[in-house]
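Student: here is my input, please return the structure:
(chains A and B)
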Amino acid sequence: SAVISQKPSRDICQRGTSLTIQCQVDSQVTMMFWYRQQPGQSLTLIATANQGSEATYESGFVIDKFPISRPNLTFSTLTVSNMSPEDSSIYLCSVALFSYNEQFFGPGTRLTVL
Amino acid sequence: ELKVEQNPLFLSMQEGKNYTIYCNYSTTSDRLYWYRQDPGKSLESLFVLLSNGAVKQEGRLMASLDTKARLSTLHITAAVHDLSATYFCAAGTDYGGSQGNLIFGKGTKLSVKP
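Tutor: Residues are numbered from 1 along each chain as shown, chains lettered A, B, ... in the order given. Have a look, this model is predicted:
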C-alpha cells in the first residue's frame, strides 16, 4: 500500500488569499490526483498530476485558480488561489498503484475560507 | 462520459438487519471501488472489483460486480452500529493506458440504530 501525508491538515483563511497544500507519498508513483469534496458532497476531480508534464484539469477547474506542481515521483502541491468562501472544502490527494490496482487517499486538508 | 449512480443516498437501518447498496455506472470500466468515509475523515478502501462476477467479502460487508449490467452491489449483513458511515462507490478510468482517476457516486449515508 501507499502512505500519503498532507499538509496542512486544516486551515482557516481569509478571502482573497492563497493556500498551498502539500502531498507526500512514501513510494514513487506516476499518477497523482487532486480531488475536492465540498461539505456533504461526493468527490470531484480537480486535476491529474503526472511527473514531468503539465497537470490535466477537469472541466470547471483552471490552472490560474488551482496551480499544481509535481516536481518528483513522491511529491505534489496544489494551490488554491484568490480564495472565496465557495472554496471551503476538503482537498484530497490520491495515488494510483498499478501493482495493486488500488487508489489510495491522503488524510485530506480541510479548508475554511471566511 | 462515465457516470456513477448510487442508491439509496440515505439508509437508516436497525441493528441485525440486512440491506444492499446499489451502484450503476454508465460506460465500460474495468475497475470498481468501494470506500468508507467516517465524518471528518478521509476515504478508507474497502474493495476493488476487477472482473465480471467478482465477489469480495470482509466481515459483514460483501461486494459484487456484474460488468454486463454495469452494476455493483454492497451487501450489509446483520448490521451493527460500527458500520454507520458514508459509503462511496467509484469507477476507474484509463489515462493513456495507466490507471486514471475515479468517478464517484454521490455516496450512501448509512445510519445503524439499535
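
Student: any idea of the pLDDT on the residue in chain B that chain A sits nearest to?
Tutor: With distances taken as Cβ to the nearest Cβ, chain B approaches chain A most closely at B:Gln99, which sits 3.8 Å away. Quick note: C-beta positions are derived from backbone N, CA and C, even for glycine. pLDDT, B:Gln99: 78.

Student: ok, A:Glu102 next?
Tutor: Reported pLDDT at A:Glu102 in the predicted model: 84.

Student: that one and chain B: what is the separation?
Tutor: Going from A:Glu102 to chain B by Cβ to the nearest Cβ, to the nearest Å gives 6 Å.

Student: burial measure for the residue nearest to that residue when sequence neighbours are not counted, as a count.
Tutor: The shortest distance from A:Glu102 to any residue that is not its chain neighbour, by Cβ to Cβ, 6 or more residues apart in numbering or on different chains, is 5.6 Å, and that residue is B:Val48. Other residues near B:Val48 number 19, with proximity taken as other Cβ atoms under 10 Å in any protein chain shown.

Student: still on that earlier bit, helix/strand/coil for the residue of chain B closest to chain A?
Tutor: The local conformation at B:Gln99, judged by DSSP: H, G, I helix; E, B strand; the rest coil, is strand.

Student: what sits against it?
Tutor: By Cβ atoms under 8 Å, 6 or more residues apart in numbering or on different chains, the contact set of B:Gln99 is A:Met31, A:Ala96, A:Phe98, A:Asn101, A:Gln103, B:Arg31, B:Gly92.

Student: who's in contact with the first one?
Tutor: Right, A:Met31. Going by Cβ under 8 Å, 6+ apart, A:Met31 touches A:Thr48, A:Asn50, A:Val95, A:Ala96, B:Tyr95, B:Ser98, B:Gln99, B:Gly100.

Student: let's see 10 Å
Tutor: With contacts defined as Cβ atoms under 10 Å, 6 or more residues apart in numbering or on different chains, A:Met31 is in contact with A:48-51, A:94-98, A:103, B:95-96, B:98-101.
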